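Visitor: using only what follows, build the 3D model:
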Amino acid sequence: MALATPTLTTARLRLRPFEDADADGLWALHSDAHVLRYWDGPPWTDPARAATFLASCRQLAEDGTGARLAVDRLADGAFLGWCTLSRVNPGFRSAALGYCYLQTSWGRGYATEAARAVLQWAFDTLDLNRVQAETDTRNAASARVLEKLGFQREGTLRQDCIVDGVVSDTWVFGLLRSDWRPCES
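Guide: Below is the predicted model:
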């Protein structure tokens, strides 16, 4: 069953379904080696990868397994990155949270603000009970975002990925509906 990708608005952001016009912003984001230094895949080297990414966004929604939303700044409409809810499992009432932002938008609270809106949608509209997130153990900034949102670190997947030729560990975080506090900063 398809999952409609919502449009969500926060105090400073608009989260919306991706459009073909987002290809340039996606290229800028995913070709930046510094942004992807903890990612489980290399930076893009071909701008055509944006079309594949956009198709995968549509496929997530069509399959009913997730929603990936572009994140724009309300003040000027600038593309900042994306936030996603994937691996949606209605039977288990669970999903996974992910995000990726342009380096110029780091340190301003955008990731936390956007993820909070996605989590509100996940718990209220989709009636989920659990949302999981994973981050490379070297990515302290991402771990802080998750902790601000109320996620608990639940474990470490040892030598889970090879990132840029380096074997790395992954922290697994979980957030339960019963622990969700939508208005905390």
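Visitor: CA only for contacts and neighbour counts going forward, please
Guide: OK.
Visitor: residue most distant from the centroid, the protein?
Guide: residue 165 (23.6 Å; CA atoms, centre = their mean).
Visitor: where does pLDDT dip in the chain?
Guide: Residues of the chain that meet the criterion pLDDT under 70 lie in 184-185.
Visitor: what sits closest to residue 63 if chain neighbours are left out?
Guide: Leaving out its chain neighbours, the residue that sits closest to residue 63 by CA to CA, 6 or more residues apart in numbering is residue 2, at 5.4 Å.
Visitor: follow-up on the earlier one: what residues are up against the residue farthest from the centre of the chain?
Guide: By CA atoms under 8 Å, 6 or more residues apart in numbering, residue 165 lies in contact with nothing.
Visitor: still on that earlier bit, ok, the residue nearest to residue 63 touching residue 66?
Guide: No. When contacts are counted by CA atoms under 8 Å, residue 2 is not listed as touching residue 66 (9.0 Å).
Visitor: these two: who's more crowded?
Guide: residue 66 (25 against 13; other CA atoms under 10 Å).
Visitor: please report phi then psi for that one.
Guide: phi 170, psi -180 (degrees, to the nearest 10).
Visitor: mind listing the residues bridging to the nearest residue to it once chain neighbours are set aside?
Guide: Excluding its sequence neighbours, the residue lying closest to residue 66 (CA to CA, 6+ apart) is residue 86, at 4.1 Å. Under DSSP bridges, the beta-bridge partners of residue 86 are residue 96.
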